[in-house]
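> coords please:
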Amino acid sequence: HAKGITAAMSMCVQLRLTGIPVLVVGGGQSAYRKCCQLTQEGADIRVIAKRFDPCFADAAFPCIMDEYRPQLLQGMMLVIACCDHATTNAQICADARAAGIFAMSVQRDTQASMHALAVQETGEYVLAAGTKGASPLLAKKMLQDMENVVKEQYADRLVVLRKLRAYALEHVQQEGRRELMHRLADLSKQDLCSLEQVLQGKTLLLLCFHGVKHLALQEVEPFCASIEQRYPGVVTAIAFLSDAVSKQSVQQSVSAWMHILKAFKVQPILIPMLFQQGRYFEQLCSWRTSAFNVKPIMFQSKTEVAQCLRQVRYDSGCSCLLVIYHSCVNGAFEALLEAITEEDTKMYAVHEKQSSVCPLPFQDTSVAVLPLYMLRGIHFQKDSEENSDLILRLQKQQCRVEVVTKACIELEPFQKLMIEKMME
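Purely as a prediction, here's the structure:
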């Protein structure tokens, strides 16, 4: 637009026309279609035209055969111009505007104050689409495409959001509601349902992962279902500690969850889904208050971790197990793995950054390669590639290699250990 000129904007509103006096000017099929819509809305319709199409023969509303006159607008709240000629429709709209009455027209460029949109309404939502007169049929197609998306991604969420909104209006201070409503709108259906159950009295376990950029539901949902099935008084939700990852994922960050739970005065238990006490664990502990309890790291017992690893090796059917891990700066988990592999020569652990250059102690045997990550993120995918340097080196040493393709929370031995630890 030219500098200093603002484009004219319109406001899309939904009108309740029950009992509202409406004048329809025109007796053709387009006028009849408008009358049918108005009848469904319960409007008090009056139609005037010089002649009527046969479709009006059984009309249940007054059809007056007469010429249009401005005086007929008296007492009306809405007039719809459905004449064949644009000049006539424009004059009707001008008369309505002068009388302070809303006007619609079946033709564009008539200075009508209102324009009809293609509409789809259900008990939970209203969708509308328009093409500004270019193609009403295309508007209907646009509407259908919109509805398909809404049904798939939003409809189920609206049912729960309606309940949470009502709860917030009653229990949350007014100054905090707006931000809360914004955050609730970002939650998935599963998270909304979990929050609803918490407000009904269940205990919330907030499982706090570092985070992955892909959709982790395939790994996470069965794990959460196992917890909730074993402990009916508990409900789970997923949060990512890395805000950068959360912005690229459907999962909420821990900080976003904390704002929501604080507003609702919910006291969750924060579960660190981490291997050791690094910076992300410290970040999590910063949330610890009398209202927010943080559980300790689950992987601190050499005996327990060794038992899990031996079970993974046994389940793989291989003689040996090679663990690929990612360790943070203090190296506590790295030291634990080293202690385990010193006692069990059938197991060996390598840091992911050293996997292409480290010595490999296995020769002419079967080796299960375990990328030890909570979720199947980028690091997991890289370390589980069949043509990775590490696997190719093992094969050169005459080893039969089996890659464990499940993340830590999907492996039964680790899953059992984690659930027991978080419920202690």
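> Quick one, grab the pLDDT at Met76.
As summarised for this prediction, Met76 has a pLDDT of 97.
> and what of the one 10 residues further on?
According to the predicted model, the pLDDT of Ala86 comes to 91.
> Ala244 now?
62.
> go on, the one 5 residues further on?
For Ser249, the pLDDT comes out at 56.
> Assign a three-state SS to the closest residue to Cys358 other than its chain neighbours, would you?
Excluding the flanking residues, the one nearest Cys358 by C-beta to C-beta, 6 or more residues apart in numbering is Val350, at 4.8 Å. The way it works is simple: take the backbone N, C-alpha and C, and place the C-beta from them, glycine included. Under DSSP: H, G, I helix; E, B strand; the rest coil, the three-state class of Val350 is strand.
> Pretty sure Val350 sits against Leu322.
Yes - proximity of Val350 to Leu322 meets the contact threshold set by C-beta atoms under 8 Å, at 7.0 Å.
> for the residue nearest to Cys358, what are its contacts?
Leu322, Val323, Ile324, Tyr325, Cys358, Leu390 (C-beta atoms under 8 Å, 6 or more residues apart in numbering).
> Okay, and which of these map to helices?
Under the assignment DSSP state H, those contribute Leu390 to helices.
> Check the contacts of Val350 for burial and list the buried ones.
Leu322, Val323, Ile324, Tyr325, Leu390 (16 or more other C-beta atoms under 10 Å).
> For the stretch 151-300 of the chain, which residues score under the pLDDT cut-off?
213-216, 243-250 (pLDDT under 70).
> follow-up on the earlier one: anything in contact with each of Val350 and Leu322?
Leu390.
> In CSV, could you pull the C-alpha coordinates for stretch 129-144?
Taking Å, rounded to 0.1, in the frame of the first residue of the first chain, the C-alpha atoms of stretch 129-144 are listed here in CSV:
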residue,chain,number,x,y,z
ALA,A,129,-14.1,-18.8,4.8
GLY,A,130,-14.6,-16.3,2.0
THR,A,131,-13.0,-15.2,-1.3
LYS,A,132,-14.4,-11.7,-1.4
GLY,A,133,-16.8,-12.7,-4.2
ALA,A,134,-14.2,-14.3,-6.4
SER,A,135,-15.6,-17.8,-6.1
PRO,A,136,-18.2,-18.9,-3.5
LEU,A,137,-17.6,-22.5,-4.6
LEU,A,138,-13.9,-22.2,-3.8
ALA,A,139,-14.8,-20.7,-0.4
LYS,A,140,-16.7,-23.9,0.3
LYS,A,141,-13.7,-26.0,-0.7
MET,A,142,-11.4,-23.9,1.5
LEU,A,143,-13.9,-24.4,4.3
GLN,A,144,-13.8,-28.2,3.9
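> what's stretch 62-69 in contact with?
Contacts of stretch 62-69 (C-beta under 8 Å, 6+ apart): 25, 27, 45-52, 56, 83, 88, 92.
> Highest neighbour count among the residues you listed?
Ile92 (27 neighbours; other C-beta atoms under 10 Å).
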